[in-house]
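Colleague: What follows is a predicted structure for the sequence shown.
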Protein chains: 2
Amino acid sequence: MADIKAPTHLLFLREEELRQGIELLYFAYRDFTAEPDQMLARYGFGRAHHRVIYFVGRHPGMTVSELLGILRITKQSLSRVLGQLVEEGFIVQQPGARDRRQRLLTLTEKGTQLERQLSQNQRDRIARAYRRAGADAVEGFRRVMLGIVNEADQKRFDRSREPTP
Amino acid sequence: MADIKAPTHLLFLREEELRQGIELLYFAYRDFTAEPDQMLARYGFGRAHHRVIYFVGRHPGMTVSELLGILRITKQSLSRVLGQLVEEGFIVQQPGARDRRQRLLTLTEKGTQLERQLSQNQRDRIARAYRRAGADAVEGFRRVMLGIVNEADQKRFDRSREPTP
DNA sequence: GAGATCCATCAACATGGCTGACATAAAGGC
DNA sequence: GCCTTTATGTCAGCCATGTTGATGGATCTC
């Protein structure tokens, strides 16, 4: 019978390749968040605040449920962080027009400024990586990253201009 | 004078492109860690334990300093997690031969089993994404991700077989 | 009018970061 | 052979951010 398994050295290469993929995700994410974390510390904020500010900035008028769906944390965890951001004037909540149970979330001017400061750092890092890698590489990056994201959230990344809430 | 700025719609596209990059990193990392986190919970472990197990498995006989350098946390934080893993028989420490101050870290059989179980999930996810995206895309992915990683750690990803400790 | 939904809040707990201080053993320079 | 530096561990306490569980009000939907 023919041996179905690939030669050992090919398996080895594949394992090495996949482990490098794991590590690329780990190191890239570590370095991607380190500098914003430092900026946030100056405001007494953490990474959780950053995520809230980022996504509210990205989807102005979004509901609490939508935000919970993105962050995948409990409402109690969110409420602490969100409460602080409202308290300190980075975010405002206004009742929904159609559904008045909702509290639609929007960045204030102050919130917008912080959001831009934080995301500027990350956009710079990504822009630099894109520039060095070239357009074809960027397309490959998108395709692979999209494949890593769970199916349910892949639709957030279609080519349309508007971010899907 | 000529207007140096690019047309608004090009700037807009670029901003959108970069924000999608930010979000790809966020969503990919979120989904990449979710399932291992669940497995770890069954052992009473967290993501911190995973990182230790992963890198010790990757670099058998590594020192505590090397691990600290990768994780970028304090020795006090590491010691709690590492202590548990040694206590519960997932990792062994042995004095270094050249430098007997060092405690070289190695996975036990039990540790190796857990490591494979955890990383298998992540390797599967990456393999699936690689397969769907194709070889050229994978190369682009590598190039972009490498550009996001801080210069100091890029050398961990040479094409050589051996992971650099 | 009843039930479901959206959101907030209180309380208690666990994980995993952090700082600061101190200790020990071994290595290395002079 | 001292002396300094290095590698590591440990104790104590603080903070950020996740969790579960219970409870309640306002509002929408049928």
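Modeller: Cool, the structure landed. Quantities reported herein were computed from a predicted structural model and do not represent experimental measurements. Residues are numbered from 1 along each chain as shown, chains lettered A, B, ... in the order given.

Colleague: Please measure how far the first residue of stretch A:146-159 sits from its last one.
Modeller: For stretch A:146-159, the first-to-last residue distance is 12 Å (C-alpha to C-alpha, to the nearest Å).

Colleague: So for it, what gets flagged as buried?
Modeller: A:Leu146, A:Gly147, A:Ile148, A:Val149, A:Asp153, A:Arg156, A:Phe157 (16 or more other C-beta atoms under 10 Å in any protein chain shown). Using the backbone N, CA and C atoms, a C-beta is placed for each residue, glycine as well.

Colleague: ok, those vs chain B, which is closest?
Modeller: A:Gly147 (3.0 Å; C-beta to the nearest C-beta).

Colleague: Touching, that closest one and B:Arg132? I think so.
Modeller: Yes. Between A:Gly147 and B:Arg132 there is a contact at 4.9 Å, judged by C-beta atoms under 8 Å.

Colleague: Sketch out the helices for chain A, chain order is fine.
Modeller: Remark: helices assigned in chain A by DSSP state H are A:8-41, A:47-58, A:64-71, A:75-87, A:109-133, A:135-148, A:151-154.

Colleague: Next, format the ones you listed as CSV and append mean pLDDT.
Modeller: CSV is the format used below for the helices of chain A (pLDDT from 0 to 100):
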stretch, mean pLDDT
helix A:8-41, 90
helix A:47-58, 98
helix A:64-71, 97
helix A:75-87, 97
helix A:109-133, 96
helix A:135-148, 97
helix A:151-154, 94
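
Colleague: which residue does chain A bring closest to chain B?
Modeller: Counting by C-beta to the nearest C-beta, chain A gets nearest chain B through A:Gly140, at 2.3 Å.

Colleague: list the contacts for the nearest residue to that residue once chain neighbours are set aside?
Modeller: Distances taken as C-beta to C-beta, 6 or more residues apart in numbering or on different chains place B:Gly140 nearest to A:Gly140, at 2.3 Å, with adjacent residues excluded. Residues in contact with B:Gly140 (C-beta atoms under 8 Å, 6 or more residues apart in numbering or on different chains) are A:Ala133, A:Gly134, A:Asp136, A:Ala137, A:Val138, A:Glu139, A:Gly140, A:Phe141, A:Arg143, A:Val144.

Colleague: Drop anything exposed from those.
Modeller: Neighbour-count burial (16+ other C-beta under 10 Å) applied to the contacts of B:Gly140 gives A:Ala133, A:Ala137, A:Val138, A:Glu139, A:Gly140, A:Phe141, A:Arg143, A:Val144.

Colleague: what residues does chain A put near DNA strand C?
Modeller: Taking C-beta under 7 Å from any atom of the strand, the part of chain A that reaches DNA strand C is made up of A:63-65, A:75-76, A:79, A:82-83, A:93, A:96, A:99, A:101-103.

Colleague: What subset of those is buried?
Modeller: A:Thr63, A:Val64, A:Leu82, A:Gln102.

Colleague: what's the closest non-adjacent residue to the third one?
Modeller: Right, the one you point to is A:Leu82. Distances taken as C-beta to C-beta, 6+ apart place A:Val52 nearest to A:Leu82, at 5.9 Å, with adjacent residues excluded.

Colleague: Tell me how many other residues crowd that neighbour.
Modeller: When counting by other C-beta atoms under 10 Å in any protein chain shown, one arrives at 25 neighbours for A:Val52.

Colleague: next one: the one 10 residues further on
Modeller: Residues near A:Met62, counting by other C-beta under 10 Å, number 19.

Colleague: Could you double-check that it sits in contact with A:Leu105?
Modeller: Yes. Counting by C-beta under 8 Å, A:Met62 does reach A:Leu105; the two are 5.5 Å apart.

Colleague: on that earlier part again, of the helices of chain A, which is nearest B:Leu18?
Modeller: Set against B:Leu18 and scored by C-beta to C-beta, the helices of chain A come closest in helix A:109-133, at 4.3 Å.

Colleague: what's that closest one in contact with?
Modeller: Residues from elsewhere that reach helix A:109-133 (C-beta under 8 Å, 6+ apart): A:31-32, A:35-36, A:39-40, A:43, A:50, A:53-54, A:56-57, A:85, A:89-91, A:107, A:137-138, A:141, B:14-15, B:17-19, B:21-22, B:140, B:143-148.

Colleague: 7 Å - rerun?
Modeller: Under the criterion C-beta atoms under 7 Å, 6 or more residues apart in numbering or on different chains, residues A:32, A:35-36, A:39, A:50, A:53-54, A:57, A:89-91, A:107, A:138, B:18, B:21-22, B:140, B:143-144, B:147-148 lie in contact with helix A:109-133.

Colleague: Mind giving me the ChimeraX command for buried ones among those residues?
Modeller: Buried subset of the contacts of helix A:109-133, written as a ChimeraX selection, criterion 16+ other C-beta under 10 Å:
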select /A:32,36,50,53,54,57,90,91,107,138 /B:18,21,22,140,143,144,147,148
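
Colleague: how about the nearest residue to A:Asn150, chain neighbours excluded?
Modeller: Nearest non-adjacent residue to A:Asn150, counting by C-beta to C-beta, 6+ apart: B:Asp31, 4.5 Å away.
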